[in-house]
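Trainee: Curious how this folds, go ahead:
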Amino acid sequence: MTLSYRIGHTLSSWLARCFYDFRVVNEAGLHFEGPALVCSNHASFFDPPFIGQAFEKPIHFFARKTLFNNPLMGATLRSWQSIPIDRDHPDTSSLKTVIRLLRGGGKVLMFPEGTRTEDGHLLPAEAGVGLFLAKARAPVLPLRLFGTFEAFPRHRILPRPSSVTLVVGEKYTPDLAARSHLSGRELYQSLADEVMQRIAALQLP
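Mentor: The predicted structure follows:
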């Protein structure tokens, strides 16, 4: 864990627990060795740091490629284990990076919806995440955040008080054999829909 990541992890944990009464349901599900694609709903800028601080060890996450153009931001994002991605002109570099990280035992955070929700409701999964699921062939850990939309939705300039809860689902491995009749986009969408259904099934106790 780099010094920059450690500082960010500590500050995120302090913010989440002191100001947002952050708690985790089924916290034991976060503590395991080995690789995983960590998939969560996406409602707020708070989602990556709040999820990241819930893990004891660093996890990797995606960031817009343009953010790396700023020297300071780029250096910070790299030290935070970020993976640059170009949404307008996707290529194979991010996929290769994810596969390399997973083969090294890393954990990569992804948001199947592809963007933050406008109204707090879950969005359909994009097929793109299914591509990563199909090619990476790694276990998937579904998560669902409650309260980050109320805390800092995309249309607000400043955050507001809220209680935030992270519900941890059961880790699973996508069944590619059962989808042998599918290929290309159909396969990717099927895999993406499954993880989104598992996220949607997670509820507050």
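Trainee: which residue ranges form the strands in the chain?
Mentor: For the chain, applying DSSP state E gives strands covering 23-25, 36-40, 60-64, 82-85, 107-110, 140-146, 165-168.
Trainee: Ok, which of the ones you listed comes nearest Gln197?
Mentor: Among these, the nearest to Gln197 by CB to CB is strand 140-146 (9.1 Å). C-beta here means a position set from N, CA and C on the backbone, and glycine is covered the same way.
Trainee: outside of the closest one, which residues touch it?
Mentor: The contact list for strand 140-146, computed with CB atoms under 8 Å, 6 or more residues apart in numbering, reads 29-30, 36-41, 43-44, 47, 50-51, 107, 133, 164-174, 195, 198-200, 202-204.
Trainee: How about stretch 159-169?
Mentor: Outside stretch 159-169, the residues touching it (CB under 8 Å, 6+ apart) are 16, 19-27, 29-30, 46, 50-51, 54, 141-148, 150-152, 198-199, 201-204.
Trainee: Mind checking which of those are in helices?
Mentor: 16, 19, 50-51, 54, 148, 150-151, 198-199, 201 (DSSP state H).
Trainee: so can I have a markdown table of those residues showing pLDDT?
Mentor: As requested, the ones in helices among the contacts of stretch 159-169 are exported to a markdown table (pLDDT from 0 to 100):
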| residue | pLDDT |
| --- | --- |
| Ala16 | 96 |
| Phe19 | 95 |
| Phe50 | 96 |
| Ile51 | 97 |
| Ala54 | 98 |
| Thr148 | 98 |
| Glu150 | 97 |
| Ala151 | 97 |
| Arg198 | 99 |
| Ile199 | 99 |
| Ala201 | 99 |
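Trainee: between these, which is closest to Arg179?
Mentor: Distance from Arg179 was checked for each of the ones in helices among the contacts of stretch 159-169 by CB to CB. The minimum falls on Arg198, at 15.6 Å.
Trainee: Give the burial count for the closest one, as a bare number.
Mentor: A count of nearby residues for Arg198, using other CB atoms under 10 Å, gives 19.
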